[in-house]
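**Student:** Please find the sequence and the predicted model below.
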Amino acid sequence: MAILKTQAFVLKRYDLRETSLLVNFYTRDFGKLTGEMKGIRKDPRKFASTVDSFSLNEIVFYQRRNSSVHLISQCDSCEHFGPLRESIPKIAAATVMMDLLDAVMPPEDKNPEIFDLTRDVLTALCTARDFDKLLTIFKIRVLSLSGFKPHLDSCVICGRKVFMQCKFSLKLGGLLCPHCLARDVQGRTIFRGTVATIMHIEKNTVGANLTLGMNPQIKRELEAVLNAFLHFHVGKELKSQRVMQSLEQAGAFT
C-alpha cells in the first residue's frame, strides 16, 4: 500500500463498528476520498484532530488498491474556522457547502481549483456578513468548475444568442430562445439580470464577486434556479439545504 499525504476538508463522518469512524474527505491532491480512522472513538487523542465537519486537516493515509476505503494513519488539524462556528447561519451555509461537494464531486478526481475555492469561501465566511451571498457564489463556482455548468451564453438547442426574456431548461441545462421553447414545456422564465449575475460569478474570484450587487428579486431567483438545477442533476435535494431553509423560515437567521 502506498503512503500518501494531503490536505483535506471533512465532508461527512459516520460511526464504524464500536470504536472507529468512516470519514468522507475532500482533498487537494486526490479529490474526494473515504478514509477509515481506527480507534478514534475509543481514544480521541490517537489523532491530533477532532475531525469536525468542514475543518481543514493534513492527513496521511495508506492507499488501498482493492478498496475505495483507505486507512488514515495520521490526521492533524490545520484550520478549524472557529469564528464561523459561532454563527448558526454560517454553520448552516458551511454544511451545505460540504454536502454539495459530497454530492457533486466524483470519487478520487483531483480538482485543486475547487479545493482552493472551498478554503477561500470558508475563510470569507468567518468575517463576512452576507453568508447567503457567499453560499450562492460557492454553488455557481462549483458547478462551473466541476462540469455541471449551465449553458447561458446562447440557446442550448440552436446556439442563437438570446437577447430578450428567455426560459431556462433544467432538463437540457441551459437557456432556450423563443424558437426552441417547445423543446421543454417545463422551462422556467429567468431574468436577464440573473443570467448576467451567474456569468459574472463564473468568471471572477470570490473577492471580486463579494462586491457584486444583487437586488432581492435576483437573489430569490438565483436561489430557486440553483437549487432546482442541483436537485434535477444530482437526483436528490440536499438535506442540509432543506434544514437551512426551515431555519430561515423559522426566523433563526434574524
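**Tutor:** Looks like it arrived, so ask away. Residues are numbered from 1 along each chain as shown.
**Student:** ranges for the helices of the stretch 1-150 of the chain?
**Tutor:** Ranges of helices in the stretch 1-150 of the chain, per DSSP state H, counting those that start in this stretch, are 88-104, 112-125, 131-146.
**Student:** how about JSON lines for the ones you listed, with distance to residue 243 and mean neighbour count added?
**Tutor:** Every residue, glycine included, has its C-beta placed from N, CA and C. Formatted as JSON lines, the helices of the stretch 1-150 of the chain follow (distance: least, CB to CB, whole Å; neighbours: other CB atoms under 10 Å):
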{"stretch": "helix 88-104", "distance to residue 243": "7", "mean neighbour count": "21"}
{"stretch": "helix 112-125", "distance to residue 243": "17", "mean neighbour count": "19"}
{"stretch": "helix 131-146", "distance to residue 243": "13", "mean neighbour count": "22"}
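**Student:** now these in JSON lines, with distance to residue 164 and mean pLDDT?
**Tutor:** Shown next, in JSON lines, are the helices of the stretch 1-150 of the chain (distance: least, CB to CB, whole Å; pLDDT from 0 to 100):
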{"stretch": "helix 88-104", "distance to residue 164": "32", "mean pLDDT": "94"}
{"stretch": "helix 112-125", "distance to residue 164": "33", "mean pLDDT": "97"}
{"stretch": "helix 131-146", "distance to residue 164": "23", "mean pLDDT": "93"}
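**Student:** Among these, which comes closest to residue 30?
**Tutor:** Smallest distance to residue 30 across the helices of the stretch 1-150 of the chain (CB to CB): 10.1 Å, for helix 112-125.
**Student:** so how far is the closest one off the chain centroid?
**Tutor:** Mean-position distance between helix 112-125 and its chain equals 10 Å (CA atoms, centre = their mean, to the nearest Å).
**Student:** do stretch 139-154 as well
**Tutor:** Distance, stretch centre to chain centre, for stretch 139-154: 12 Å (CA atoms, centre = their mean).
**Student:** Kindly export the longest helix that the chain contains (C-alpha atoms) in CSV.
**Tutor:** The longest helix of the chain (DSSP state H) is helix 216-234. The C-alpha trace of helix 216-234 is given here as CSV (Å, rounded to 0.1, in the frame of the first residue of the first chain):
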residue,chain,number,x,y,z
PRO,A,216,-33.7,40.9,-3.7
GLN,A,217,-35.5,39.7,-6.8
ILE,A,218,-32.3,38.4,-8.4
LYS,A,219,-31.2,36.8,-5.1
ARG,A,220,-34.5,34.9,-4.8
GLU,A,221,-34.4,33.8,-8.4
LEU,A,222,-30.7,32.7,-8.2
GLU,A,223,-31.6,30.6,-5.1
ALA,A,224,-34.6,29.0,-6.8
VAL,A,225,-32.8,28.3,-10.1
LEU,A,226,-29.6,26.9,-8.5
ASN,A,227,-31.4,24.6,-6.0
ALA,A,228,-33.8,23.3,-8.8
PHE,A,229,-30.8,22.7,-11.1
LEU,A,230,-28.9,20.9,-8.5
HIS,A,231,-31.9,18.8,-7.4
PHE,A,232,-32.5,17.8,-11.0
HIS,A,233,-28.9,16.9,-11.9
VAL,A,234,-27.8,15.4,-8.5
